[in-house]
Structure formats: structure tokens, C-alpha cells
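Enquirer: no sequence on this one, just coordinates:
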């Protein structure tokens, strides 16, 4: 069973609808035992980092996420929370990935970065199977993760930033696959079937 973590951070319904449309069995839950017992986890999120981390702490989900040893996919804020720190609310993250999530410079370009942008693969990944180099996905974010060795793709918005990341069983995408038409649905299918 795939568990979508529901911690009050936005886009769980749209992720659930996307999986339902793909006939992928799943549950939306914040029950620690259900999350722990899942075969795979999708960790979505839209909202403010400090609020979201506090909610994860109150729901006793922090250690369960960090200690999960099966595939886990963070989406948007979910991906950002897996880094060491975020400037948004000056909050410590889950420290799965190294680096600090920073705010785009609003004096140089429009913030938030919202709309379609392409990705450039840095590494071959099952998550992107049958998805071409330069594919466009839908983004909506004011903060970005740094490009580190864990980055599997980058995008450009005034600067290069990390648009996807992986370390062992932990995957993350900054964009919203559930809002990215057929290529986004392909990515979700790849996560379920290949990762």
C-alpha cells in the first residue's frame, strides 16, 4: 500500500486524485503506524516550512520518515523539508539531504517561481524512465534547494536550482507531478512501478 502523508500541508487531495486516476491503490493518512507499515510513501506539501515541520513533530512522524527504508517521494515542500535547514521560518529540516533551502532573490526575478519549466537530468534515474531530457513540469515555489551531489536534475530560474534529488530510497521533486499532465503522471507511475 502507498501512503500519502496528510500533515495539513496542502496538495494531498490532488496527489490522491492523480493516483486514483492511475488506478493506484493508496491511503491518505497521518497515522504513524499506517505510515510506518506502508510499502511506499508520498510526502507532498504546499505551504510554510516551519509550520509543516511543527505539524510533523506533533504527529510523531519525523523519526518514521527519517528511518523509512522503502521508497519515499517528497514533492515540493515535502522535498524541501528533507534538507538540513530552510530559510523559510529558519527551521531545521529532516536532514536526509545536505544543504539549506533558500529564498529566490525577489529583487532579480518574480517570486514565486510559478508555471512550467524544464528540467535537465544530471543522472539516470528510474523515476524519469521514458521521460525525455528537457521535459517541462509545473512549479510553484518561492524557496529552492541547492544543487548538491544528490541532485538528479536541475532547472534554471535566474540561477540553477535542484529540481529533483535522490539518496538511497529517498526521492524528491521540486515540481508538482500531479499538476504536470501526462509526463507528471508517468513520473508517479515510475515511482510506483520502478523505484
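Expert: Nice, I can see it. Keep in mind it's a predicted model, so treat the numbers as computed, not measured.

Enquirer: which residue ranges form the strands in the chain?
Expert: Secondary structure of the chain (DSSP state E): strands at 2-5, 26-29, 40-43, 72-75, 83-86, 91-92, 97-103, 113-118, 120-121, 136-141, 143-144, 151-156, 160-167, 170-173.

Enquirer: Residue 130 is nearest to which of those strands?
Expert: Using Cβ to Cβ as the measure, strand 120-121 is the one of the strands of the chain that comes nearest residue 130, at 12.6 Å. Quick note: C-beta positions are derived from backbone N, CA and C, even for glycine.

Enquirer: so where is this protein shaky, pLDDT-wise?
Expert: For the chain, no stretch has pLDDT under 70.

Enquirer: could you point out the longest helix in it?
Expert: Longest helix of the chain, by residue count under DSSP state H: helix 181-194.

Enquirer: Tell me how far it lies from the chain's centre.
Expert: Relative to its chain's centre, helix 181-194 lies at 14 Å (Cα atoms, centre = their mean, to the nearest Å).

Enquirer: residues making contact with that helix?
Expert: With contacts defined as Cβ atoms under 8 Å, 6 or more residues apart in numbering, helix 181-194 is touched by 2, 18-19, 21-22, 24, 40, 42, 71, 73, 126-131, 135-138, 171, 173, 175-178, 180.

Enquirer: Repeat the analysis, applying 7 Å as the threshold.
Expert: If you take Cβ atoms under 7 Å, 6 or more residues apart in numbering as the criterion, helix 181-194 is touched by 2, 18-19, 22, 24, 40, 71, 73, 126-131, 135, 137, 171, 177-178.
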